[in-house]
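Student: Here is a sequence together with a model predicted from it:
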Amino acid sequence: MNKPEMPANYGVLTDSDTLTIQRLLPGPIERIWAYLTEEDLRCQWLAAGEMAMSVGASFEFVWHNDELTQPAGQRPPGFSEEHRLQSEITELDPPRRLAISWGSTGGVSFDLEPRGQDVLLTVTHHRVPDPSILLNVSTGWHTHLDLLAARLTGIEPTPFWDGFLKNRAEYERRFSV
């Protein structure tokens, strides 16, 4: 079976405080949408949390990064076993766009665009003014999207924290943090 190439595309700063990161994923678009919005699929690559699909709906993301891969790798100091974030759906255009609030930042948007049998997923994390938070956001999105790509293609993922630390070192270099 031919699998689409999944390059380790690094996020770029599209503004001084906005990260944009893309992945070309095997479609169809409804499959990728399900991995963004359905808890049982999303918790395999990002976080648990049931979402009611309507603008204004509140939900909570719950991360258990140690459980995303087996083995998980060594969790770095300063990261807990569980992380929670209250969020709200701010835009919804199934299956093409989902935007949500994200803590004290300007929020995150997920845009899906069919590309033949594949789907271009664009994740934009808006207004992250603190450089140390931007480093964690960039590293986190990159690592979670690598895991999503592995899940969608049936490839054995890199242990989560090993990938996180490798990606963090590269983002530190790229962003000169």
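Tutor: On my side now, so go ahead. Numbering: from 1, shown residues only.
Student: Please count neighbours and contacts with C-alpha atoms only from this point.
Tutor: OK.
Student: contacting residues around residue 124?
Tutor: Residue 124 makes contact with 18-21, 108-110 under the criterion C-alpha atoms under 8 Å, 6 or more residues apart in numbering.
Student: Could you check the pLDDT of it?
Tutor: Note on residue 124: pLDDT of 97.
Student: On the three-state scheme, it is what?
Tutor: State at residue 124, reduced to three classes by DSSP: H, G, I helix; E, B strand; the rest coil: strand.
Student: nearest residue to it other than its sequence neighbours?
Tutor: Spatial nearest neighbour of residue 124, excluding adjacent residues (C-alpha to C-alpha, 6 or more residues apart in numbering): residue 20 at 4.4 Å.
Student: do the same with residue 33
Tutor: Closest to residue 33 by C-alpha to C-alpha, 6+ apart is residue 95, at 5.6 Å.
Student: Determine whether the claim that that neighbour is in a helix is correct.
Tutor: No. Residue 95 sits outside any helix when classified using three-state DSSP, being coil.
Student: Roughly how far does it sit from residue 111?
Tutor: According to C-alpha to C-alpha, to the nearest Å, residue 95 and residue 111 sit 9 Å apart.
Student: what's the answer for residue 43, then?
Tutor: 19 Å.
Student: Let me know the average pLDDT across the longest helix that the chain contains.
Tutor: Assignment by DSSP state H gives helix 131-153 as the longest helix of the chain. Averaged across helix 131-153, pLDDT comes to 96.
Student: let's have the chain start at 59 instead
Tutor: In the new numbering, first residue 59, that becomes helix 189-211.
Student: Tell me the buried residues in that helix?
Tutor: Judged by neighbour count (16 or more other C-alpha atoms under 10 Å), helix 189-211 contains these buried residues: 192-211.
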